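>>> got a predicted model here, sequence first, then my questions.
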Amino acid sequence: MTEAEYPPASCLPADPSNFRRDNRTSFQYIVIHCTDGHPRAQPVAEMWQQPKHGSSAHFVIDQDGTVIQCVALSDVAWHAHVVNAASVGIEHCARTPHELGPTDPGLPPSDAQYAASAKLIAWLCRRAGLEPSRDVIQGHAEIDPSTTHLDCPTGCGWDWVRYMTAVQREFDAWDSSS
């Protein structure tokens with residue numbers, strides 16, 4: 001992948017040792033994650049460029065709304081174990097309170113991040129012919145029974161009602177000619 005498939009995104013490809021090359025033409029799920037560490041998208045994307053890191057996601061979204069694509073949609077990112085092959089992974093730079101120690105206030109998702117993510121998800125749903133429902137759009141801990149991240153993304157303060165309302169609004173407003 002030399003350029004992002006999602007037009008507003010920039011491209012910072014993950015190392016091939018951190019995802020599986022594939023030729024898939026569809027997916028069933030979109031998995032929402034919070035990084036629980038890095039507050040910026042660039043270092044997260046750079047982490048996946050390190051050979052044999054062992055994880056990746058298709059996209060990462062910064063607190064300022066910047067979107068970076070790291071794995072092609074036709075390839076399988078390593079973000080949610082058994083559903084990797086059937087899903088697209090979206091990391092959000094947000095953090096659970098106390099993740100970095102007892103005085104860490106955490107880092108909730110920002111307004112710009114919710115807005116950018118809602119637009120990306122609406123685009124993904126339109127592209128894949130999926131309805132933007134909670135059956136399709138799930139949190140990491142909801143869809144991945146093997147995860148040790150038991151409160152991802154809710155632990156970082158993820159507001160599902162706010163988010164799904166924004167996704168639906170973007171999906172309904174999406175202009176297929178753009």
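Nice, I can see it. Treat the numbers as computed from the prediction; the structure is a model and nothing was measured.
>>> quick one: contacts of the worst-scoring helix or strand of the chain on mean pLDDT?
Lowest by mean pLDDT, DSSP states H and E among the helices and strands of the chain is helix 140-143, with a mean of 94. Counting contacts by CB atoms under 8 Å, 6 or more residues apart in numbering, the residues outside helix 140-143 that touch it are 29, 31-33, 79-80, 83, 87, 147, 149-154. (Each C-beta comes from the backbone N, C-alpha and C, glycine too.)
>>> which of these sits closest to Glu3?
His79 (21.5 Å; CB to CB).
>>> and the gap between that closest one and Arg20?
Applying CB to CB, to the nearest Å, the value for His79 to Arg20 is 12 Å.
>>> so between the two, which is more surrounded?
His79 (23 against 15; other CB atoms under 10 Å).
>>> wasn't the more buried one part of a helix?
No: counting by DSSP: H, G, I helix; E, B strand; the rest coil, His79 falls outside a helix, being coil.
>>> that one and Pro153, how far apart?
12 Å.
>>> now the common contact residues for the two.
Counting by CB under 8 Å, 6+ apart, the contacts common to His79 and Pro153 are His33, His140.
>>> and the contacts of the longest helix belonging to the chain?
In the chain, assigned by DSSP state H, the helix with the most residues is helix 111-128. If you take CB under 8 Å, 6+ apart as the criterion, helix 111-128 is touched by 6, 8-9, 26-27, 30, 32, 59, 61-67, 73, 88, 90, 92-94, 109, 130-132, 136-137, 159, 162-163, 166-167, 169-171, 173-174, 176.
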